[in-house]
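S.K.: Let me see the structure of the following:
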Amino acid sequence: MKLLIRSIRNVLRSPLRLVLVVALLGTSLMFVAAMTSLSTSAQQELATVHKQVGTAITINYASNDSVNSTSRNEGSQGGVTIAGPTNITLIPNSTVQKVKSTRGVVSTQESLTRPYTDGKLKTGSITGPNGKQISIPVLVNGISSDASHFTLQGGVTPTLVSGRSFHDNDANAYVAMMSQSLAKSNHLKVGSTFTLKGKTFTIIGLYTTSDQFSGSSIVVPLATMQKIFGVKGVDSITAYAANYEQVETVATRLRNALGKQYDVVTQDAQYNNVFSALGATQNTIQLALIISVSIAVIVIIFAVLMLVRERTVEIGILKAIGASHLQVLRQFWTEIVTLSASAAALAALLLATLGSTISQRFDISPPSSPGASSGPVTIGGPGGQIFQAPSNPNLSNIHLAAATLNAQTLLIILGLGIGLALLTSVIPTWFVSHIKPAEVLRKAN
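M.R.: Have a look, this model is predicted:
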């Protein structure tokens, strides 16, 4: 106890220097903990985005993409863009088989979308830019009965909440899944029936979606839809690789197999701006982390050097009156630990109060790009209407978790503080072992 009190008094010999050293060291320790926490958060967000991107590869006719791009710029009426007459080329079934047989493709989803024109189902509405209520047309989506993935327009993945999905024996059956909101508006449930193109369909499942557009939809087996709508082929194909790392390799094989008449697009390309933003944020965080650690090391080494050098005479006297190396070193080690502990306490206090503010400075803003939004959704196929769908909700939620004082950051502060104390304890050890009492006393005289 006497040793601790004496060490504290020695540390307090120069209050101004003590304040400066503790402030600089504490701030550095706080930044190290905050940057480590933010770096971990950035890596987790990057992994999350990779999972969102998934392994999907979308295949469309290049001419269709060109037509859609042109039609989106043709006039507007009451907040709804009316597309001019267009000729959408269907992807033939032979191409579907070629995609399925491409090495690396583990599954496919063929999609076909047409408007519901029977006029018997009630649908919801949205408010246009001019304040008028606009009815959301019902979309009929055809998917393969054996598809392992189930997505709607805009890449929205529905969640089945009642009933079941399609089975293999439903390929040519008159069965359907319907959005829960559309079913509720029409007082329908699992087991109810409705008519489509003169055929009676039985609802076998209900699902929910994340936006209003896909929330006004019906899903039927692809073969059944092709039969009742009188079409041969599909609008688009989505192929899936085994894992994220194989996506670009499989996409290259598909481009070589299908030729330039098809656009083969990976979701990775659509999310490039997000990856770039996360990468830039990680680089900034790592740079701040390196600078913080460097400042902490420099400050503690400088402080201990000053502490030892100005007490050379005291060390010589202690050794002259019979104090052992260990006795002298224990005093300096206690002082170093006291200094580090004070800085760690300040770092914890600063992180608890300023952690959220610092995190906001390093947070990312999801970029506005085609990949960050589901984009306009075509309603009604050729010559139909185009609504602007909301931005991808997953991308809009990409933010780094705030660096706060928790078990992890507290351990980082304490661990680095102890590490710096152990590192700088070498300095007094070296000084004490090399100081000769006779030389010190002679110089002092």
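S.K.: For the rest of this, base every contact and every neighbour count on C-alpha atoms.
M.R.: Fine.
S.K.: Let me see the confidence value for the closest residue to V140 other than its chain neighbours.
M.R.: In space, and not counting its chain neighbours, V140 is closest to I218: 4.8 Å by CA to CA, 6 or more residues apart in numbering. I218 is assigned 94 on the pLDDT scale.
S.K.: Surely I218 is within a helix?
M.R.: No - according to DSSP: H, G, I helix; E, B strand; the rest coil, I218 belongs to no helix; its state is strand.
S.K.: how near is it to P137?
M.R.: 11 Å (CA to CA, to the nearest Å).
S.K.: More neighbours: which of those two?
M.R.: I218 (25 against 21; other CA atoms under 10 Å).
S.K.: Enumerate every residue touching the more buried one.
M.R.: 138-141, 176-179 (CA atoms under 8 Å, 6 or more residues apart in numbering).
S.K.: how near is it to S135?
M.R.: 16 Å.
S.K.: Same question for F201.
M.R.: Counting by CA to CA, the gap from F201 to S135 is 23 Å.
S.K.: So which of these two has more stuff around it?
M.R.: A count of neighbours by other CA under 10 Å puts F201 above the other of F201 and S135, at 19 against 13.
S.K.: The more buried one - that's part of a strand, no?
M.R.: Yes - the assignment for F201 is a strand, going by three-state DSSP.
S.K.: hmm, back to that, and the residue nearest to V140, what are its bridge partners?
M.R.: V140, M178 (DSSP bridges).
S.K.: So, low pLDDT: which residues of the stretch 51-200 of the chain?
M.R.: For the stretch 51-200 of the chain, residues meeting the criterion pLDDT under 70 lie at 51-53, 64-87, 128, 148-149, 154-155.
S.K.: tell me the strands in it, going along the chain?
M.R.: Ranges of strands in the stretch 51-200 of the chain, per DSSP state E, counting those that start in this stretch, are 56-61, 81-82, 105-115, 125-127, 133-135, 139-143, 159-163, 175-179, 193-196, 199-208.
S.K.: can I get those strands in JSON lines with distance to A257?
M.R.: Below are the strands of the stretch 51-200 of the chain laid out as JSON lines (distance: least, CA to CA, whole Å):
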{"stretch": "strand 56-61", "distance to A257": "12"}
{"stretch": "strand 81-82", "distance to A257": "35"}
{"stretch": "strand 105-115", "distance to A257": "13"}
{"stretch": "strand 125-127", "distance to A257": "43"}
{"stretch": "strand 133-135", "distance to A257": "42"}
{"stretch": "strand 139-143", "distance to A257": "23"}
{"stretch": "strand 159-163", "distance to A257": "34"}
{"stretch": "strand 175-179", "distance to A257": "34"}
{"stretch": "strand 193-196", "distance to A257": "37"}
{"stretch": "strand 199-208", "distance to A257": "36"}
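S.K.: Quick one: closest of these to K232.
M.R.: The closest of the strands of the stretch 51-200 of the chain to K232 is strand 105-115. By CA to CA, the value is 10.2 Å.
S.K.: Run the chain-centre distance for the closest one.
M.R.: Distance of strand 105-115 from the chain centroid (CA atoms, centre = their mean, to the nearest Å) equals 27 Å.
S.K.: Just want the angle from it to strand 56-61.
M.R.: 50 degrees (axes from the mean of the first three to the mean of the last three CA atoms, to 10 degrees).
S.K.: Show me what strand 105-115 packs onto, helices and strands only.
M.R.: Counting contacts by 3 or more CA pairs under 8 Å, 6 or more residues apart in numbering; DSSP states H and E, strand 105-115 packs against helix 93-100, strand 139-143, helix 222-229, strand 236-241.
S.K.: quick one on the thing from earlier: so which of the strands of the stretch 51-200 of the chain comes closest to L420?
M.R.: Closest among the strands of the stretch 51-200 of the chain, using CA to CA: strand 56-61, at 48.2 Å.
S.K.: Count the neighbours of V32 for me.
M.R.: Number of residues near V32 (other CA under 10 Å) recorded here: 27.
S.K.: Kindly confirm my reading that it forms part of a strand.
M.R.: No - under three-state DSSP, V32 sits outside any strand and is assigned helix.
S.K.: who touches the residue nearest to S135 when sequence neighbours are not counted in this structure?
M.R.: By the measure of CA to CA, 6+ apart, the closest residue to S135 outside its immediate chain neighbours is S125, 4.1 Å from it. The contact partners of S125, taken as CA under 8 Å, 6+ apart, are 133-136.
S.K.: so which of those is the most crowded?
M.R.: I136 (19 neighbours).
S.K.: got a list of what it touches?
M.R.: Per CA under 8 Å, 6+ apart, neighbours of I136: 123-126, 213, 216.
S.K.: Can you go through those and name the buried ones?
M.R.: 123-124, 213, 216 (16 or more other CA atoms under 10 Å).
S.K.: now those residues in JSON lines, with distance to V22?
M.R.: As requested, the buried ones among the contacts of I136 are exported to JSON lines (distance: CA to CA, whole Å):
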{"residue": "T123", "distance to V22": "66"}
{"residue": "G124", "distance to V22": "63"}
{"residue": "F213", "distance to V22": "58"}
{"residue": "S216", "distance to V22": "62"}
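S.K.: Could you identify the pair within those residues that is furthest apart?
M.R.: It's T123 and F213 that sit farthest apart of these, by CA to CA, at 10.4 Å.
S.K.: Chain neighbours aside, what residue packs nearest to S217?
M.R.: Nearest to S217 is L139, by CA to CA, 6+ apart, at 4.7 Å.
S.K.: want to throw the contacts of I218 into a markdown table with neighbour count and distance to K100?
M.R.: A markdown table is the format used below for those (neighbours: other CA atoms under 10 Å; distance: CA to CA, whole Å):
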| residue | neighbour count | distance to K100 |
| --- | --- | --- |
| V138 | 25 | 30 |
| L139 | 24 | 26 |
| V140 | 23 | 24 |
| N141 | 24 | 21 |
| A176 | 26 | 25 |
| M177 | 26 | 25 |
| M178 | 26 | 28 |
| S179 | 22 | 29 |
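S.K.: picking up where we left off before, for the contacts of I136, work out which two are farthest apart.
M.R.: I126 and S216 (11.6 Å).
S.K.: What residues of stretch 150-162 count as buried?
M.R.: Buried residues in stretch 150-162, counted by 16+ other CA under 10 Å: 150-154, 156-158, 160.
S.K.: and the spatially closest residue to N243 that is not a sequence neighbour, how many neighbours does it have?
M.R.: Distances taken as CA to CA, 6+ apart place T55 nearest to N243, at 5.9 Å, with adjacent residues excluded. The number of residues packed near T55 is 23, by other CA under 10 Å.
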